[in-house]
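Chemist: mind looking at a prediction? Sequence and model below.
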Amino acid sequence: MNRLISEISSDFLIQGFGLHEDERKIFVGKVGGQEIQLLPDFHNLDLETKDLKILCVGIAEASNHFRPGDVLMTGSDDLLDRAFQIMDDLEQRCVVVSLTPSQDSTHLYLSKEAMEPLVQEWKQRKVSFLCLWMVDPIDSEGQAKLVTIIRKVILKDS
């Protein structure tokens, strides 16, 4: 089961994946036979679900390390590897970031205080997850890229 969570307006995800609202008021759909749910937030996320994959989408501010249009990501090794291959195919610049400040200057830090404890829990529980943040501004082309990246990550399992 694929769970999508968005820090930004999720309209582009609903349209991009052709999701519809179910009786529980959750947007659901399928991508290449894979079930997908768009959750409104991180609450009620059942980490015990079999074959769970968490895909988060958000926005980041430009800085001296990150340029507008860059995709920043962190995640479990399996989904990060997939995302790297997909980014190469799309010729999309991507940067792996850490949500924890490090003394190591090779680790780029992204301040996402609300996400950091969740990511640590997912790592401890060995949940497959991928967080993607596009550096502001996100235009319709950027939104389409995010949908394409997530779709390809999901379809790698099919």
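Modeler: Yep, that arrived.
Chemist: hmm, who's touching stretch 136-148?
Modeler: By C-beta atoms under 8 Å, 6 or more residues apart in numbering, the residues outside stretch 136-148 that reach it are 8, 12-13, 16-17, 57, 59-62, 68-69, 71, 90, 92, 132, 134. The C-beta positions use only the backbone N, C-alpha and C, and glycine is treated the same way.
Chemist: what packs against the helix or strand of the chain with the lowest mean pLDDT?
Modeler: One helix or strand of the chain scores below all others by mean pLDDT, DSSP states H and E: strand 108-109, with a mean of 88. Contact analysis of strand 108-109 by 3 or more C-beta pairs under 8 Å, 6 or more residues apart in numbering; DSSP states H and E lists strand 94-98 as its packing neighbours.
Chemist: average pLDDT for the strand it packs on, rounded please.
Modeler: Strand 94-98 shows a mean pLDDT of 91.
Chemist: who does it touch, helix- and strand-wise?
Modeler: Applying 3+ C-beta pairs under 8 Å, 6+ apart, one finds that strand 94-98 makes contact with strand 71-75, helix 77-90, strand 108-109.
Chemist: switch to 6 Å and redo it
Modeler: strand 71-75 (3 or more C-beta pairs under 6 Å, 6 or more residues apart in numbering; DSSP states H and E).
Chemist: how far is the least confident helix or strand of the chain from where the chain is centred?
Modeler: Computed by C-alpha atoms, centre = their mean, to the nearest Å, the chain-centroid distance of strand 108-109 equals 17 Å.
Chemist: partner strands of it, with direction?
Modeler: Sheet pairing for strand 108-109, assigned by DSSP bridges, gives strand 94-98 (parallel).
Chemist: give me the angle between the strand it pairs with and strand 71-75.
Modeler: Calculated by axes from the mean of the first three to the mean of the last three C-alpha atoms, to 10 degrees, strand 94-98 forms an angle of 50 degrees with strand 71-75.
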